[in-house]
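**Q** How does the following fold in three dimensions:
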Amino acid sequence: MTTEQTNLKFLVRLGKTTTQALRLLQDVYGDDTMSIGRAFEWHRRLRREDVEDDPRCRRLATSRAEEIIELVRRKVHGDYCLTVRMIAKEFDMNCKRVWTIITNDLVKEGR
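**A** Next up, the predicted model:
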């Protein structure tokens, strides 16, 4: 779902009509706004959806679990040219968490 569609979903949930929602999207996106036909189509689809939250990505409860620390350790020792961002992306983790694992768990413990 694009940002524009997500914003339309928000406006639908606020109870905005298609015309009202499209005007607000035009205020934000200008000429890059979806067409009126597409707006009506998406508004109709979104109005039918349940009001429940979208599913969230499934991440581990904590990135400091011993197995995650071991994965990061292996990755770092396998290739010293990797950046924190590259490791974080591969393991679907926050960069700050990867940095914390490297500085607190690996360096301080001499791994």
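
**Q** got a list of what Leu82 touches?
**A** Contacts for Leu82 (C-beta atoms under 8 Å, 6 or more residues apart in numbering) come out as 75-76. Where you see a C-beta, it was placed from the backbone N, CA and C, and this is true even at glycine.

**Q** Go ahead and report the secondary structure state at it.
**A** At Leu82, secondary structure determined by DSSP: H, G, I helix; E, B strand; the rest coil is coil.

**Q** Please parse the protein into its domains.
**A** 3-48, 66-107 (automatic domain parsing).

**Q** What segments of this protein are helices?
**A** Using DSSP state H, the helices of the chain run over residues 3-13, 18-29, 36-48, 66-78, 84-90, 95-100.

**Q** Any chance of those helices in CSV with distance to Val107 and mean neighbour count as columns?
**A** Supplementary listing: these in CSV, determined by distance: least, C-beta to C-beta, whole Å; neighbours: other C-beta atoms under 10 Å:
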stretch, distance to Val107, mean neighbour count
helix 3-13, 39, 16
helix 18-29, 45, 16
helix 36-48, 49, 14
helix 66-78, 10, 14
helix 84-90, 13, 15
helix 95-100, 11, 16
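
**Q** Where does pLDDT dip in this protein?
**A** Along the chain, the parts satisfying pLDDT under 70 run over 50-64, 108-111.
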